[in-house]
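> Prediction below, plus the sequence it came from.
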Amino acid sequence: MVWAPNLPGWRDVPLGALWRARFRCPVALENDADMAALGEAARGAARGARDFVVLTVGTGIGGGIVLNGALARGTGGVAGAAGWMRAGGRRLEDAAAGPAWRRGGGRAAAAALGRAVADLVSLLNPRVVVLGGGVMAGPGRAFLPAIRRAVRRHAQPVAARQVRILASPLGNRAGVLGALAAARAAAAW
């Protein structure tokens with residue numbers, strides 16, 4: 001585990017090797033948002049899509065990107081770190097993660113999230129954007145129409161017409177289901 005910002009002191013921890021030694025079985029560490037993307041592809045709102053983005057909106061904001069049917073990992077394995085995008089001069093995570101929804105009642109957070117989704121739609125031209133995580137399973141779901149309007153208003157027009165913006169039907173189970181799908185594929189079950 002190279003870096004876990006929500007776990008103080010967890011930097012460059014050989015967690016996979018430690019667990020392999022402890023449990024005497026194969027272990028793989030994966031990014032939770034990447035696994036949520038695989039879960040949405042296997043059993044959720046992205047079934048059948050080859051180009052899609054999953055944003056997990058909770059304590060922080062993560063993203064899983066699938067292009068041409070393959071998970072985009074990037075050079076260092078951190079592709080999809082959507083919380084680091086800028087929104088109104090701030091990090092998206094500061095403007096639209098869980099604490100921002102509690103602070104401002106949701107309107108400003110939804111506006112920031114809508115602009116970020118519009119930017120992702122313009123940049124990647126996905127078929128589907130799935131919004132998941134604890135916030136979108138709760139108070140954020142009511143703002144889905146506003147987020148869709150922001151995409152239509154701010155995204156590249158052709159991409160905006162082609163994309164579907166959906167709430168995850170899997171909620172916080174998406175990551176677990178994606179990890180299960182990845183484990184099955186790795187083990188060739």
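Looks like it arrived, so ask away. Numbers count the residues shown, from 1 in each chain.
> Now do the strands for this structure: every range, in order, please.
52-57, 61-67, 70-71, 86-87, 90-91, 128-132, 164-167 (DSSP state E).
> The second one pairs with which strands?
For strand 61-67, sheet partners with direction are given as strand 52-57 (antiparallel), strand 70-71 (antiparallel), following DSSP bridges.
> Restricting to C-alpha, output the helix-or-strand element of the chain with minimal mean pLDDT in PDB.
Across the helices and strands of the chain, mean pLDDT, DSSP states H and E gives its lowest value to helix 98-104, namely a mean of 89. What follows is helix 98-104, C-alpha atoms only, in PDB (Å, rounded to 0.1, in the frame of the first residue of the first chain):
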ATOM      1  CA  GLY A  98     -19.500  14.100   2.400                       C
ATOM      2  CA  PRO A  99     -18.500  17.000   4.600                       C
ATOM      3  CA  ALA A 100     -19.400  19.600   1.900                       C
ATOM      4  CA  TRP A 101     -22.900  18.100   1.600                       C
ATOM      5  CA  ARG A 102     -23.400  18.300   5.400                       C
ATOM      6  CA  ARG A 103     -22.000  21.900   5.500                       C
ATOM      7  CA  GLY A 104     -24.000  23.500   2.700                       C
END
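> name the helices or strands packed onto it?
helix 107-124, helix 134-137 (3 or more CB pairs under 8 Å, 6 or more residues apart in numbering; DSSP states H and E). All C-beta spots, glycine's among them, are computed from the backbone N, C-alpha and C.
> between those, which gets nearest to R161?
Closest approach to R161 among the helices and strands packed on helix 98-104 (CB to CB): helix 107-124, 10.1 Å.
> So which other helices or strands are in contact with that closest one?
Against helix 107-124 (3+ CB pairs under 8 Å, 6+ apart) you get strand 52-57, strand 61-67, strand 86-87, helix 92-96, helix 98-104, strand 128-132, helix 144-154, helix 157-162.
> Can you point out the buried residues in that helix?
By 16 or more other CB atoms under 10 Å, the buried positions in helix 107-124 come out as 108-122, 124.
> Same question for stretch 123-139.
Neighbour count says stretch 123-139 has 124-126, 128-137, 139 buried, by 16+ other CB under 10 Å.
> quick one: average confidence on that stretch?
Averaged across stretch 123-139, pLDDT comes to 96.
> End to end on it, go ahead and measure it.
27 Å (CA to CA, to the nearest Å).
> How about stretch 129-142?
Terminal residues of stretch 129-142 are spaced 16 Å apart (CA to CA).
> wait, what's in contact with A146?
Counting by CB atoms under 8 Å, 6 or more residues apart in numbering, A146 touches 107, 110-111, 114.
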